[in-house]
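[1] Sequence first, predicted model second:
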Amino acid sequence: MNQPTPQGGPALLHTAAGLRAWPHGGRRAVVMTMGALHEGHARLVRRARELVGRSGQVVVTVFVNPLQFGAGEDLDRYPRTLDADVVKAAEAGADVVFAPGVEEVYPGGEPLVRISAGPMGERLEGAHRPGHFDGVLTVVAKLLHLTQPDLALYGEKDAQQLALITRMARDLNFPVDVVGVPTVREPDGLALSSRNVYLSEEERERALVLSRALLTAAARAKDGARPPEVRGTARRVLAEASGVEVDYLALVDPADFADVAEDHRGPAVLALAARVGTTRLIDNVRLDFGSTA
C-alpha cells in the first residue's frame, strides 16, 4: 500500500506504478540505499535537494538487494529499519521513500539476464566478493528504470561502486547524471557505514586504524611523496594495529581501478578493505599526484 507518512513527511511507496503516479514537477533525483540510513545517506539527500531545488523531487530508495550478497555474507542480519529510515529521509528533505519488495524488483524471481561489471568489477572488491558488482549494477539499472531520475547520487566511500555505476550509465546510454558525494566521517575519522552497528566498542576503536592509515598516507601524497611511498605509509600504519585483518590495500586509477604505476601522475584512489571482528569495512581517500602534463 502506498501512503503519505504522518506530519507531512515523505510519501512511502512500495510499487513502481505508485511512484509513476505520484505527482512531481521539475527534476527528479534518486538516492539509492539498502536502508539503515545514517548521516552519510542524509548528506546525499541534502545534496540531491540542492541540485533539484524546491521544485524538484528527491526519491530515496530502500531495498536490500539479495543479488549483491555472496555465500556466508550478512543478507539475513542486514539491518532493516524502514520506519526509522522514513523519519531520517524526511529530516533530510526527501519527498518520497520508495521501498519495493523483492517481488516488485524481481517479478520473475532471480533474473536470468544480468549486467556484467566486466574486468573492472573483478578487481579489489570484486576479487574478494565474486559476482558482487554484477548484482549491484543489475539492481541499480532496474532501479534507474523504475524511478526514472534525472540525477542519481552515490557516496564516494564506495568508490569502486561509484566508478562502475558511472561507467555503466555512460557505456549503456542511461539518461541520468551520476553524482558522487564525498565520504562522511565521524569526528574521530571513522567513515559512516550501516555496518558500523555491528562493531563492539572495542572493535570500533580498532577500526579507527583504517581512516588513520588512509589519511596519514594522503598527507604524504600532498607533501609530494611518490605512489610506492604513499602505499608503504598506509601499510606501516595498518601493521601497527591488532585485531584488524586486511583484505586489500591498493592504490588505483579511478578510471578503471587498475594499480597505478610507480611514476603515476594525476588522480588516484587509495582503497582499503579489512575485517574488524566479524565486520568487513571499506574506506578510501582520493589523491592527486600532480599534473599529468
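    Good, I have the coordinates.
[2] buried ones in stretch 107-124?
    115, 117-118, 120-124 (16 or more other CB atoms under 10 Å). The way it works is simple: take the backbone N, C-alpha and C, and place the C-beta from them, glycine included.
[3] can you put those in CSV and add distance to Lys88 and pLDDT?
    Listed next are the buried residues of stretch 107-124 as CSV, based on distance: CB to CB, whole Å; pLDDT from 0 to 100:
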residue, distance to Lys88, pLDDT
Ile115, 29, 97
Ala117, 30, 97
Gly118, 34, 96
Met120, 32, 96
Gly121, 30, 96
Glu122, 34, 96
Arg123, 33, 97
Leu124, 30, 97
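[4] Show me which helix runs longest in the chain.
    helix 201-222 (DSSP state H).
[5] how far off helix 201-222 does the helix or strand following that one point, in degrees?
    Where DSSP states H and E defines the elements, the next helix or strand beyond helix 201-222 is helix 227-239. Helix 227-239 runs at 160 degrees relative to helix 201-222, counting by axes from the mean of the first three to the mean of the last three CA atoms, to 10 degrees.
[6] next SSE after helix 227-239?
    Helix 227-239 is succeeded, C-terminally, by strand 244-252 (DSSP H and E).
[7] Just want the angle from that following strand to helix 201-222.
    Inter-element angle recorded for strand 244-252 and helix 201-222: 20 degrees (by the same axes, to 10 degrees).
[8] And strand 244-252, what's buried?
    Going by 16+ other CB under 10 Å, strand 244-252 has these buried residues: 244, 246-247, 249-252.
[9] ok, so of the buried residues of stretch 107-124, who is nearest Ala213?
    Leu124 (16.0 Å; CB to CB).
[10] And the pLDDT for Gly18?
    You'll see Gly18 listed with a pLDDT of 96.
[11] State the helix or strand in which it lies.
    Here Gly18, judged by DSSP H and E, is contained in helix 16-21.
[12] which strands and helices sit next to that helix?
    Where contact means 3 or more CB pairs under 8 Å, 6 or more residues apart in numbering; DSSP states H and E, helix 16-21 is packed against helix 132-147.
[13] centre of the chain versus the helix it packs on, how much separation?
    Put simply, helix 132-147 sits 13 Å off its chain's centre (CA atoms, centre = their mean, to the nearest Å).
[14] got the buried residues for it?
    Buried residues in helix 132-147, counted by 16+ other CB under 10 Å: 132-144, 146-147.
[15] What is that helix packed up against?
    If you count contacts as 3+ CB pairs under 8 Å, 6+ apart, helix 132-147 packs onto helix 16-21, strand 28-33, strand 57-62, helix 102-105, helix 125-128, helix 159-171.
[16] could I get those as TSV with mean neighbour count?
    Converted to TSV, the helices and strands packed on helix 132-147 look like this (neighbours: other CB atoms under 10 Å):
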stretch	mean neighbour count
helix 16-21	15
strand 28-33	26
strand 57-62	27
helix 102-105	15
helix 125-128	18
helix 159-171	20
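[17] Dump the ones you listed to TSV, plus distance to Arg206.
    Putting these into TSV (distance: least, CB to CB, whole Å) gives the following:
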stretch	distance to Arg206
helix 16-21	42
strand 28-33	26
strand 57-62	30
helix 102-105	35
helix 125-128	20
helix 159-171	23
